[in-house]
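*Asks:* Here's a sequence, model it:
(chains A and B)
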Amino acid sequence: MKKVNLKNWVLLSAACTMFAVSAVSCDDDDSVTYYDVTVNDALPSLPSAATLQSGTLTFTELNTGNIVTIDLPATGQLNIPAGTYNIEGNMTVKYVDNGVDVEKTLRTVASQVVVSANSTLSLDWFFYNPDNTLVFGEIYLAGTLNATGKSGLYDSYFTIYNNTDEVLYADGLAICESKLLNSQDLEITSVDNFIANNFTAQTVYVIPGTGRDVPVQPGQSIKIVDQAIDWNQQVEGALNHTDADFEWYDEVTTGSVRDTDNPDVKNLDKWYSYSKTIWLPSQQCNRSYALVRFPEGMTAERFVDEQSCTYTWLTAAGKEMSNDTQKLIKYEWIIDGVNLCPTEVWKRNALSATVDMSYKAISDKNQDPNKFGKKFARKVSGTSPAGNVILQDTDDSANDFEVVSAKQ
Amino acid sequence: MGMSRFKILLTASLAVCLAVGNAVASVLVRVVDADTGSPVEFAAVYMSSGPGDVSGGYTDAVGRLAVAVRPGEWTMTVSSLGYKPHKSELSLRGDSLIEVMLLPNDPLGEVVVTATEARSKSSTSVIDTKAMRHLQPSSFTDLMSLLPGGIVKDPAMGSVNSVTIRQASGVTMSDDYATSALGTSFLIDGVPVNNGSGMPNTTDANYSERNSAGKGVDMRSISTDDIEKVEVVRGIASVEYGEVTSGLVNIKRKSGVSGLEARFKADTQSQLFYVGKGLRMPGDDWTLNVGLDYLDSKIDPRNNRENFKRVTGSVRSNKRWGGQTVTAEWNTSLNYTGTFENDKNDPDLTVNNTVDAYANNRHALSWNSSLAVRPTAGIFFRDATLTTGVSYTADHTRQDKHVAPSRVMPLPMSLEPGSNYVGYLPMLYLAELDVYSKPFTAYAKLNFRFAYGSSAYSGRMKAGVEWSMNKNYGAGRVYDIDRPISPSMSTRPRSFTDIPAMHQMSGYLEHSALWRLGSHSVELVSGVRWTQLLHLDKRYLLSGKPYIDPRVNLVWIPAPTYIGAEALSWELAGGVGLHTKMPVAAYLYPDPYYVDFEQLNYYHNVEEYRVMNVMTYVEDLTNYDLKPARNLKWEVRGDVGFKGNRLSVTYFREDMRDGFRNSGMVHRYQYRRYDASGFDPYAAGRAPRIEELPYTTVDYQAVRSYSTNGSRTVKEGVEYTFQSRRIPSVKTRVTVSGAYFRTVNVNSQSLWYKPSIIVNNRELQYIGLYDDNDGSEYRSFNTNVMFDTDIPSLKLNFSLTVQNLWFTSRRTLYRDGVPTHFMDADGAVHPFTQASLADPLLGQLVRSYSSSAFDTYTVPISTTFNIKATKQFWNDRIGLALYVNRIASIEPPYRSGGVLVRRYTSPYFGMELNFRI
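*Replies:* Okay, here's the model as predicted:
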């Protein structure tokens, strides 16, 4: 995507509203120093000259929680108190595409920006398209405590929720797990695997069907599990998955059997997996997951062939490593995605901000024993005109999801 | 007491005239050590009575040499390594017996506290009691740091200590390149330590480093306190010794009368206690030595649930008989070694307070004997020695492990091949594993020595036969197959008694020729060794097949050059030889391999309707084509001595192209996938049966691991040792030793490999044959400089060792990742062409490597300082010693691929108290 750098396209000024700062401006807190911040905006390529309609830019200081909000368009220069900020922005632009007037929302996000001198800040703006479609409703990976009480069971599941008022079809959708750990920021050296360019997936499991076989009713969801069994019969307190719509069944052909196959629950199609044996999703909850709709005519064979890549990266010792056991997923194919990672160990997100601008943590601490039995569940944002529950989907998982007990 | 010895003159020769009047005088020279009275072997005797009138030779094992000379005036010079040369004037009138007492070069008090380079036919390091006392070792492992290229390491008692000889530092330990350790033979009082029938105990990967099968001798189990001398032959060993692809460790234990000795040592990880004594028994020539040693070691001093204990004890007898025509010497010993390993988890750290435990208790009992008979008259036949040994080891490993699967796992533990119905693992169980290994070994060797020759030429011969056997009488791995230690094991309980006894027969013949050409001498030792496994099943390629090892060593000692009055002595030597190592039982008789393919996986919501059917294959992974590993070694060596200073440099190269490893071979399988989708369990009121279901037949091929001769190890390098004489003014000796080593480990045969790629629910059906998929080169260069100061008046010995590891480097050898051939789903092998490369599925066989995958990674200089000190009190009755390794270190940070690497070390220290009463 070619980016047009429109310097000072949005003029920002110190005259903007500063709730936090104005509140302290008259007292003796002279230790707060203000700095001039010049903002360079990088916008996605647009078909014609676009005009800015409205927007806001929010600076959240991480230590104090103070918030500086700037209304766009703004004029003049930005004057910001020293601190470390997470920045979020929204704006609406208008342009003409093939003679048609188009209004689109753009977004930007930046984390841990340190303001300690007069400086220049670059913000990448991207299209934000909160299409209410099929989305991840719940994700449960941590598992219920197993019989020794030491680690989690694989009573994991995903639900795919229909966030519209019409029937949608889930067959053909793929659930993909990221190759990258969100708790690592090893330098990637293969361009195709740069987070901005592609989503690098290590497993691709597809809901079988011809495109009209798996209807999801408005406000309803389907459940996809690892093993469709009544876990409660195995370990007390675990979940019952005999009602699952699909399970991912891994026939291990290497010569030992690791999985079970419930005859009453359909199996996902395994298009690609890094593992010769079974896929165990991240119980540490430190990877990213994407819901993918492939273009018309995509098959497993074509996918494996066309989306191959060699992923190379540098280890902490500076050694370049390489791996062939992953595939590239184009961002335009992703209809929903979630970055997950415990706060303490988070380093970066495997999914670009265009899919998910933040990440959701199962717990603050890594390996927190309290994580067992907890799931990620999308918050309810309201009710549709047709009376269906609408789940919050702002492509911002930190705000869209909450961590709650998996017990019904 | 040392001083009085000094005063005895250098020479103390005694000439006894026995008869007068013959035209030829038969002279028997007997050379003994002036300190101990023991005979000196290989002493050079040179007799001269004017120009061209010379005679001489080398003494035999009992220090004797018989020469026939013209009666008259003779000058006799006797010299031997480690002794001051002896010169005397003789007036020979007839048959004479001449006894020469040689004074050691380093009389008592002149201690050598490190390994010395022996002046033998092949490069050999010698470590004696004084060096060991100064080193303060806990186990034999510590002695290895004294070899050229050796580096002081902290004890690692939580894993098997394998031996590495002439190998670069930092070589990644791998079972595929373990032949180097396996091919080092340990001889204790002439009897080899035979662990050829050891089998792997637990299949739990967490304990794989405690498995000693196929890794050679575990040096942790060898106590050093009863050792008098160790010779480590790094070069081409005599054909008398077999199974020495890497080297030979020849341990001679103490014998003779001594006071009560006791030692107590404590260091950061362990305590050691030893007591021993040499007793004079009734009769003239009988001594008895007893020794007892106890080591208690904690792997981590903060954790007393993981430890290693060792108890060794031995009773050794030495008896001599002297007769008119024949003398005999009989050494026999009864030995016990117990090692006890424990590793338990902390119950407080588990939710249910469960205890997982691993314990290994090993009791080894052995009886060794060596009877030597020598005729007293100096004839062609010199001596015959019969060495025998039997050993029995009771080794019990016990593992308790609470296994809690995190998913419902099928339990395919069927023992029979074919279609089997199987159940499921419980969600929590206690797995109990017992492994009983009871190896019995027997050994016998009969060795003859002969000598002949004239004044300018003398020849010696050695001939012998050797037989060894081992058989494991252990019940093997015993456990409940429904409660496996790891849920997806591919092995089942196995009794080790199923493994046939292994018999090995060898014979050897060695000839050593010594020419004296003026004041030069040239010695050529050439020998041949024949080895064969007996009673082996006919299917083995090895069955009935002898392997011949020719080995040659040549030593040239030119005439010394004189610089002023001081002689500059030279020695040049070289050798080449083949060394064969026969495969051990773990390679020849691998565990049967169990594979289960799921035919019907029907985990119904109703428990009664659940069913699981597998096709079980029980596979014999025996490689009947296995050959021995053979190492071709050659070396050249130079030695210069001047004024008591000595420099020795050796260049060597070893190439072993058929080391043992695991290599994949393609297996084909066929099974059925039953389709139960049409079955209605509610209507039938039961689970489906395979007979009533439609099925599809699946062909499948996989790569299984066999023991093969597919590893190549090339070792190359330069070893050097310089030892100065003790500089009188500072009472200090400088020893510089070190080595440059280059080690290459690479596969010598193409390997089958199946990439782990799942495409459209199925594993990729192609298998690639790669000619270069594994290989690394390692280099290291070190110099250890030791300053040892000996102050006899204070009875203090102090040493500082500066250990410089100049660099270590590692490089992965280049590989293009493109297979040479591939096998399709039908088992047909095709060449891998450009067209294959373009095929989307076949293209997946190409393994890609990053640009820097083949870069060299170098760790720069690391310098550490180690100090050791020993002090004697109360007429040497009490000794106090201490050591600190890495008391200081200089390890500059370095950049690797742009990342700064900082290094930290912490000191390791210990001290000990010795009593000699």
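*Asks:* ok and the residue in chain A nearest chain B?
*Replies:* Among the residues of chain A, A:G318 lies closest to chain B, at 2.3 Å counting by Cβ to the nearest Cβ. To be clear about C-beta, it is placed using only N, CA and C from the backbone, and glycine gets the same treatment.
*Asks:* tell me the secondary structure for that residue?
*Replies:* Under DSSP: H, G, I helix; E, B strand; the rest coil, A:G318 falls in the coil class.
*Asks:* Please work out how many residues are found near it.
*Replies:* Counted with other Cβ atoms under 10 Å in any protein chain shown, the neighbours of A:G318 add up to 17.
*Asks:* which regions of the stretch 251-400 of chain A sit below the pLDDT cut-off?
*Replies:* A:317 (pLDDT under 70).
*Asks:* quick one: which helix or strand includes A:I224?
*Replies:* strand A:221-225 (DSSP states H and E).
*Asks:* quick one: the strands in the stretch 51-200 of chain A?
*Replies:* Using DSSP state E, counting those that start in this stretch, the strands of the stretch 51-200 of chain A run over A:51-61, A:67-72, A:78-81, A:83-97, A:100-115, A:119-128, A:134-140, A:157-162, A:168-169, A:173-178, A:199-206.
*Asks:* helices and strands around the third one, which ones?
*Replies:* I take that to be strand A:78-81. Judged by 3 or more Cβ pairs under 8 Å, 6 or more residues apart in numbering or on different chains; DSSP states H and E, strand A:78-81 is in contact with strand A:34-44, strand A:67-72.
*Asks:* tell me the domain ranges of the chain?
*Replies:* Picking chain A for this. A:3-128, A:134-405 (automatic domain parsing).
*Asks:* that answer is for a different chain, and I need it for chain B
*Replies:* B:2-102, B:184-916.
*Asks:* lowest-confidence stretch among the ones you listed?
*Replies:* Per-stretch averages of pLDDT across these put domain B:2-102 at the bottom, with a mean of 71.
*Asks:* can you give me the helices for the stretch 251-400 of chain A?
*Replies:* Per DSSP state H, counting those that start in this stretch, the stretch 251-400 of chain A carries helices over the ranges A:300-306, A:397-400.
*Asks:* Name the residue closest to the centre of chain B, please.
*Replies:* B:T184 (3.5 Å; Cα atoms, centre = their mean).
*Asks:* Make TSV out of the helices and strands packed on strand A:78-81 and add mean neighbour count.
*Replies:* Below are the helices and strands packed on strand A:78-81 laid out as TSV (neighbours: other Cβ atoms under 10 Å in any protein chain shown):
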stretch	mean neighbour count
strand A:34-44	18
strand A:67-72	18
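*Asks:* mean pLDDT lowest for which of these?
*Replies:* Taking the mean pLDDT of the helices and strands packed on strand A:78-81, strand A:34-44 comes last: a mean of 81.
*Asks:* now that one, how far from the chain's geometric center?
*Replies:* 25 Å (Cα atoms, centre = their mean, to the nearest Å).
*Asks:* counting contacts, what elements does it pack onto?
*Replies:* Checked by 3+ Cβ pairs under 8 Å, 6+ apart, strand A:34-44 has strand A:3-7, strand A:78-81, strand A:100-115, strand A:119-128 packed alongside it.
*Asks:* ok, now which ones touch the spatially most central residue of chain A?
*Replies:* Closest to where the C-alpha atoms of chain A average out (Cα atoms, centre = their mean) is A:V338, at 2.8 Å. Listed by Cβ atoms under 8 Å, 6 or more residues apart in numbering or on different chains, the contact set of A:V338 reads A:136, A:139, A:288-290, A:351, A:356, A:359-360, A:376, A:397, A:401.
*Asks:* Repeat the analysis, applying 6 Å as the threshold.
*Replies:* A:136, A:289, A:356, A:397 (Cβ atoms under 6 Å, 6 or more residues apart in numbering or on different chains).
*Asks:* just curious, which of the residues you listed is nearest to B:G276?
*Replies:* Comparing those against B:G276 with Cβ to Cβ places A:Y289 closest, at 68.0 Å.
*Asks:* For the closest one, give me its contacts.
*Replies:* A:177, A:338.
*Asks:* Throw the helices and strands packed on strand A:78-81 into JSON lines and include distance to B:I548, thanks.
*Replies:* Below are the helices and strands packed on strand A:78-81 laid out as JSON lines (distance: least, Cβ to Cβ, whole Å):
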{"stretch": "strand A:34-44", "distance to B:I548": "77"}
{"stretch": "strand A:67-72", "distance to B:I548": "87"}
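*Asks:* At the contact with chain B, which residues of the stretch 151-300 of chain A appear?
*Replies:* A:151, A:153-154, A:227, A:229, A:234-235, A:242, A:253, A:255-257, A:260-263, A:270, A:273, A:276, A:300 (Cβ under 6 Å from any Cβ of the partner chain).
*Asks:* could you redo the last one with a cut-off of 7 Å?
*Replies:* A:151-154, A:227, A:229-230, A:234-235, A:242, A:251, A:253-258, A:260-264, A:269-273, A:276, A:300 (Cβ under 7 Å from any Cβ of the partner chain).
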